[in-house]
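Trainee: my questions concern the predicted model and sequence given below.
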Amino acid sequence: MKKSVTILGAGLVGSLWSVILAKRGYEVQIYERRPDMRKQSISAGKSINLAMSNRGWKAIELAGLKEDIEQIAIPMTGRFLHQKDGSSAFQAYGKNGEAIYSVSRGELNKKLMDLAEKNGVKIHFEHKCTDVNLQTNTVTLEDRDGQAEKITAELLFGADGAHSALRQAYTLIDRVNSSRHYISCGYKELFIPAGPGHTFLMEKNALHIWPRGQYMMIALANFDGSFTCTLFFPFEGDPSFESLDTDDKIRAFFEEEFGDAVALMPTLLEDYKRNPVGSLITTRIDQYAFQDKSCLIGDAAHAIVPFYGQGMNAGFEDCTILAQLMDTCEEDWSRIFERFNRIRPANGQAVADLALENFIEMRDKVADPKFLERKKIEKELGKMFPEYYNSVYEMVSFTQTPYAEALAAIQAQDALLARIMENGDFYERLEQEDYRAQLERWLQAYSSDLEQTIAAIEK
């Protein structure tokens, strides 16, 4: 007989996981601290778009939602860079036109909740989990009136975000290492409205970036022709959220740093002053499951900064992996949790490192001509030698390569690309047969070294 399932959190990952379980015949109940978002408007400044990539799509397909989500997803085939001097450049993500997809967090969450309820999942809104007894799987819940109740779960999943109550209980287990780290930048959401007739005022099929060294702004398209913009900016210092304390300072800063965007942002001042500043946290914990009783998934297991667009995708991949383990372990939850706990934490740590590294790339390196040249060479290598080379970005966004393996490839790829760029003009030398033979030898050595590194990780 299948165990009943309790999930903490009806966000993206909790709702998706409930659908997958319900379709396999499990009785599922979700407890969510917030009100039903389908009955309320999303607070200004908190709608933030998501970038759906390969890992996310795989899980969405498992839930049977692929066709629905494709209707609200806008493909982005690369970065559109807006430099301070007014120049711009497009940088493709993949070597064969691959794309990541702009999706509304709110719309996706609503569709997942609808599908969950359609499959018999019961969602209890305005029920906040305040405590979990791991040994008995007893959950203490508090309703909107402050009334507490206790329930005992057969199977318990914590999908309740970076400040998860279940994760907090795990931190008290002997020899479990955990940490929380806030970066010095926060974020604020801004807005570019649609043009006449819901037209797009910028390239729709790109992720727009204004890289400015210690800070940056990005923009993702919405289906109505508008763009959701996010400013990633230091909390303190000059310039910072703290220093922009008058209308004149706000206007002057944006006109100086993001002049081409300001022309498209008629409500900039209003949005900047009204929308909240959010913080960006990375959480790490080296235990994701406890006995055959409970398991952390999504941000509860691995909250990361948003700069690789992998937060949702990593959480959805948790669901895919658990579903695969249900098959291979014949729904023996003791074995499922043991294996998940063995393979997943290292990848959670790795995607956190990848996201932090990509912040530096997006805000700073993408403005460097040498970096842009390196990216062009990477694409060419991937086309010429696909059996040997795939960029780290493509591994992360367009394959299911484990995050730990992608992270391990960074150093090897840095060394390979440095060697190539130090040996004269890449494109001119490609005409020379001996140079192409040398390239292949370098790539064979790189591939061999990487295979050994990956084998060591897998052990």
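Mentor: Nice, thanks for sending it over.
Trainee: just the pLDDT at residue 68, thanks.
Mentor: On pLDDT, residue 68 comes in at 86.
Trainee: the one 4 residues further on too?
Mentor: At residue 72, the predicted lDDT confidence score is 88.
Trainee: so it: helix, strand or coil?
Mentor: Following DSSP: H, G, I helix; E, B strand; the rest coil, residue 72 is assigned to coil.
Trainee: let me know the secondary structure of the residue lying closest to it once chain neighbours are set aside.
Mentor: If you skip the residues right next to it in sequence, residue 72 has residue 107 as its closest partner in space, 5.4 Å away by CB to CB, 6 or more residues apart in numbering. Placement of C-beta: from N, CA and C, glycine included. When classified by three-state DSSP, residue 107 comes out as helix.
Trainee: so what's the residue count around residue 107?
Mentor: By the measure other CB atoms under 10 Å, the count of residues near residue 107 is 20.
Trainee: cool, residue 210 as well?
Mentor: By other CB under 10 Å, 24 other residues sit near residue 210.
Trainee: for the top strand by length along the chain, packing partners?
Mentor: Looking across the chain with DSSP state E, the single longest strand is strand 178-192. Under the contact criterion of 3 or more CB pairs under 8 Å, 6 or more residues apart in numbering; DSSP states H and E, strand 178-192 touches strand 227-234, helix 268-274, strand 278-285, helix 333-363.
Trainee: tell me which of these sits nearest to residue 23.
Mentor: With respect to residue 23, and counting by CB to CB, the nearest of the helices and strands packed on strand 178-192 is helix 333-363 at 16.8 Å.
Trainee: quickly list the domain ranges of this protein.
Mentor: Following automatic domain parsing, one finds the domains of the chain at 5-43+51-71+104-180+281-360, 182-279, 368-458.
Trainee: TSV for the helices and strands packed on strand 178-192, including mean pLDDT and mean neighbour count?
Mentor: Output for those, formatted as TSV (pLDDT from 0 to 100; neighbours: other CB atoms under 10 Å):
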stretch	mean pLDDT	mean neighbour count
strand 227-234	96	22
helix 268-274	97	15
strand 278-285	96	18
helix 333-363	94	19
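Trainee: could the ones you listed go into JSON lines alongside distance to residue 252?
Mentor: Formatted as JSON lines, those follow (distance: least, CB to CB, whole Å):
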{"stretch": "strand 227-234", "distance to residue 252": "15"}
{"stretch": "helix 268-274", "distance to residue 252": "12"}
{"stretch": "strand 278-285", "distance to residue 252": "24"}
{"stretch": "helix 333-363", "distance to residue 252": "21"}
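Trainee: out of these, flag the one nearest residue 98.
Mentor: Residue 98 lies closest to helix 333-363 among these, at 16.9 Å (CB to CB).
Trainee: for the helix or strand following that closest one, C-alpha coordinates in CSV please.
Mentor: Sequence-wise, the next helix or strand downstream of helix 333-363 (DSSP states H and E) is helix 369-384. Output in CSV follows, covering the C-alpha atoms of helix 369-384 (Å, rounded to 0.1, in the frame of the first residue of the first chain):
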residue,chain,number,x,y,z
PRO,A,369,36.3,42.0,-25.7
LYS,A,370,38.6,39.1,-24.8
PHE,A,371,35.8,37.3,-23.1
LEU,A,372,33.5,37.8,-26.0
GLU,A,373,36.2,36.5,-28.3
ARG,A,374,36.6,33.4,-26.1
LYS,A,375,32.9,32.7,-26.3
LYS,A,376,33.1,32.8,-30.1
ILE,A,377,36.0,30.4,-30.1
GLU,A,378,34.0,28.1,-27.8
LYS,A,379,31.1,27.9,-30.2
GLU,A,380,33.5,27.1,-33.1
LEU,A,381,35.2,24.3,-31.1
GLY,A,382,31.9,22.8,-30.2
LYS,A,383,30.9,22.7,-33.9
MET,A,384,34.3,21.4,-35.1
